[in-house]
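Q: Let me see the structure of the following:
(2 chains)
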Amino acid sequence: MDWKLNRFDTLVEMVSFPAPTDSTATTRLQLETETPIREYYETILEDGSQSMPELTIGEHVNFLKYFLLNELPAPYKAYDASHPWLMYWLTNGLELLKVDLSEYYKQISNTVISYGSAGMGGGMGQIPHVASTYAGLMTLAITGENWKDIDRRGTYDWLMSLKNADGSFKMHSDGETDARAVYCALCVARVLDIMTSELTENTVEWLSRCQTYEGGFGGTPDDEAHSGYTFCAVAALCILDSPKNLKSKCDLDRLVDWISARQLPVEGGFQGRTNKLVDGCYSHWTGGLVPLIEMCQPEYFDKIISREALENYILCCCQAQNGGLRDKPGKSPDFYHSNYVLCGLSMCENKYELRPDNLFSYNVTPLKEPTVVAIDPIFGVPNGKVEKFRSFCAAQKW
Amino acid sequence: MSSEMETESLNDYNWDDIESIPIKEEASSALCRIMYSEEYKQQLGYLRALLTKQEYSARALLLTDSIIDAVPAHYTAWNYRYNIVKNIDRDLERELVWCQEVAYDKPKNYQIWHYRSLIIELVESRGGSVDISNETTISDDMLEEDSKNYHVWAYRKWLVRRYQLFRDNIEDLTTKKMIALDVRNNSAWSHRFFVMLGDFGETRPETASETVEQEIGFAKIMINQCPENPSAWSYLQGIYKLAKKDLLAEKEFCELYAVGAGKSDQRSVESRFSLPATELLARIYEVSQDNSKASSLYSILGSKYDPMRRNYWEMKRQRLDSANSATVS
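A: Numbers count the residues shown, from 1 in each chain, chains lettered A, B, ... in the order given. Got it, this is the predicted structure:
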């Protein structure tokens, strides 16, 4: 209950933060978002700390499970190049909510493997894509099935064919190059235990060049700092070398200042770029950077952001009444937001520390009675899953 | 709907020789199946058949247009289209016009910008050239719709890099205009930083220092307009860091806008509370060893002005104290 009281006290401070007074287009949009949230928080405060919203687990489980097990309506055609993502968001979201999906693991895995075995495409008959492959393999890490069906040598050769001389990776043949592609490629290489010095040559240097004058990272060198790319770049650096060495690869102080400044004082949630609006998905893309920094510099623990304020945003603003999680009030819930808002909530509930004996596993200490499963802060699936898959691969020839 | 589609339809071509490869998942127990329309299902079946045959033809080109129209994120169709364009004698100028129409039709589509850059590279690899001002106009139009569109700005940076448009007049005026329209448009600031300083270190030292002074001045004028705006403060700090200049020079400027310092003591919180000014001033005090002033700013930020992040400000204050005692001992 202390936790609830803390959140209540934090909410009192949030609603009393002064509104911006300038009349730019940015501020007009900001006020359109911020003002109704402030008013909603005020009504919660009037009702007292006992009325602080909690996670409506049953509704979210129903929402995600319905879509996992039923054919998707026609408008989902827009996701036709993202089938492995649909599988990952739904499966991971349900796992985070502690749902036992084991009876569906075989079916989930067979679906995923139909997208390819040496690089997966966005659906059947599509060319292999690095982000699709990340999503597919993370789903298999969760289910624990079909691991032997992955062609590791084929995946390695394919990844090498996408490698640029400057150390970055293309998403697919003739595809775009960005920090997302690098992160996904390295996750794939780590989980399949096919990381070679040839594969990672110059990659640290390229990632370091993506850090901007603001402190965050852009999609490619000189692009605007953006949380999605910052998460990908920093997590990728944590795959290439232990998080404790992060400070030798970027300007850590500027990065920490930038992450901290992304938490919006009234809403409590995060924006993805300077002077942009709050969005629940940044609970993961910005919030997910927090455990990485905390592992790197333990003295930063619980200093960079307010976990209570983020929880207030997640629980008060991101839960749709009939289940599913969303960007902000007024938006419809979707699978993407459901997964990443839950990932952010998991970060709020746990403390991560590096283990001296194993670079790729962490000590996780819950900060309170957890409502969701502890996430692996680098790979974005329940903690421990990736290491199991990797150990399996490490024992095979390739 | 693109111009090609207005004049041509898939029915204009004969498909009798194509044995469609349907997505077989319906028969299986696959999850996350989508209820496709019959039309789209047929197009996908043709796509898979043509891809298998590696057919590069006019009808294949038209098929990619239909699929991209239905699913803009269909990267396989984009990739196939690129290979078709490379392999048939497609007029690349027409291809760029097609691209432009798709962009105007679906502004949120991000595949288009990478594709456009591939076509431009193709034009130039064949000895042709493109009109850069046309590229600028298209991205201007897109930014008018959505002034912070990340992919359009990234494309614009690609143009600056490829055609060495550093300190180019049009880029200078465009970013100035967009910052004047909305001084908080961080994308415009980010682009300006790249345009003005992206080749810093490669230019003559006089050009570099002239640009640095000019941009410091610009940032400060914009800060005067809206002291709360973090974009302009980051820009100012970014220049100092890049040029390895001492931030101490901006101490008095920061004091104008920072809370709890110098002349701004009388300022009411509600009117002109500039958090970035206060944060920068504290850092300046810190580097100039004025630790007691830095400490009191961090304290007041945590206790009064930004309580949500009190742990963060408190950490900064404590680090200062420990650095202090380390120096003493």
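Q: rest of the way, CA atoms for contacts and neighbours
A: Will do.
Q: Look up how far B:D246 lies from the closest residue to chain A within the stretch 151-300 of chain B.
A: In the stretch 151-300 of chain B, the residue that lies nearest chain A is B:G238 (4.8 Å; CA to the nearest CA). Separation of B:G238 from B:D246 (CA to CA, to the nearest Å): 12 Å.
Q: same question, B:D16
A: Distance from B:D16 to B:D246, by CA to CA: 73 Å.
Q: To which secondary structure element is A:T220 assigned?
A: For A:T220, there is no helix or strand it lies in under DSSP states H and E.
Q: Counting neighbours, what do you get for it?
A: Applying other CA atoms under 10 Å in any protein chain shown, we find 22 residues neighbouring A:T220.
Q: ok, and does stretch B:57-72 reach over to chain A?
A: Yes - legend: contact between stretch B:57-72 and chain A by CA under 8 Å from any CA of the partner chain is shown at B:A70, B:V71, B:P72.
Q: Test my guess that the second one contacts A:P75.
A: No - when contacts are counted by CA atoms under 8 Å, B:V71 is not listed as touching A:P75 (10.3 Å).
Q: In space, not sequence, find me the middle residue of chain A.
A: For chain A, the residue nearest the mean C-alpha position is A:H284 (4.2 Å; CA atoms, centre = their mean).
Q: quick one on the thing from earlier: between B:D16 and B:D246, which has more neighbouring residues?
A: Legend: neighbour count by other CA under 10 Å for B:D16 and B:D246, higher for B:D246 (12 against 7).
Q: Apart from its chain neighbours, what residue comes closest to the more buried one?
A: Nearest residue to B:D246, sequence neighbours excluded (CA to CA, 6 or more residues apart in numbering or on different chains): B:Y240, at 6.9 Å.
Q: Using PDB, write out every CA atom in the strand or helix carrying that neighbour.
A: Counting by DSSP H and E, the element that carries B:Y240 is helix B:230-242. Output of helix B:230-242 as PDB, limited to C-alpha atoms (Å, rounded to 0.1, in the frame of the first residue of the first chain):
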ATOM      1  CA  PRO B 230      14.900  23.000 -24.600                       C
ATOM      2  CA  SER B 231      15.600  22.800 -28.400                       C
ATOM      3  CA  ALA B 232      17.400  26.100 -28.600                       C
ATOM      4  CA  TRP B 233      19.400  25.500 -25.400                       C
ATOM      5  CA  SER B 234      20.600  22.100 -26.600                       C
ATOM      6  CA  TYR B 235      21.600  23.700 -29.800                       C
ATOM      7  CA  LEU B 236      23.600  26.300 -28.000                       C
ATOM      8  CA  GLN B 237      25.300  23.700 -25.800                       C
ATOM      9  CA  GLY B 238      25.900  21.500 -28.700                       C
ATOM     10  CA  ILE B 239      27.900  24.200 -30.500                       C
ATOM     11  CA  TYR B 240      30.000  24.800 -27.500                       C
ATOM     12  CA  LYS B 241      30.800  21.200 -27.100                       C
ATOM     13  CA  LEU B 242      31.600  20.700 -30.800                       C
END
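Q: Can you name the next helix or strand after it?
A: helix B:251-257.
Q: before we move on, the earlier item: neighbours of the spatially closest residue to the residue nearest to the centre of chain A that is not a sequence neighbour, how many?
A: In space, and not counting its chain neighbours, A:H284 is closest to A:G344: 4.4 Å by CA to CA, 6+ apart. Residues lying near A:G344 (other CA under 10 Å) number 28.
Q: re earlier: B:V71 and A:P75 - which one has more neighbours?
A: Legend: neighbour count by other CA under 10 Å for B:V71 and A:P75, higher for B:V71 (19 against 11).
Q: what's the burial count for the closest residue to the more buried one other than its chain neighbours?
A: Excluding its sequence neighbours, the residue lying closest to B:V71 (CA to CA, 6+ apart) is A:A78, at 5.4 Å. Neighbours of A:A78 under the rule other CA under 10 Å: 14.
Q: show me the contacts for A:A78.
A: By CA atoms under 8 Å, 6 or more residues apart in numbering or on different chains, the contact list for A:A78 reads B:A70, B:V71, B:P72, B:A73.
Q: distance of A:P333 from chain B?
A: Applying CA to the nearest CA, to the nearest Å, the value for A:P333 to chain B is 17 Å.
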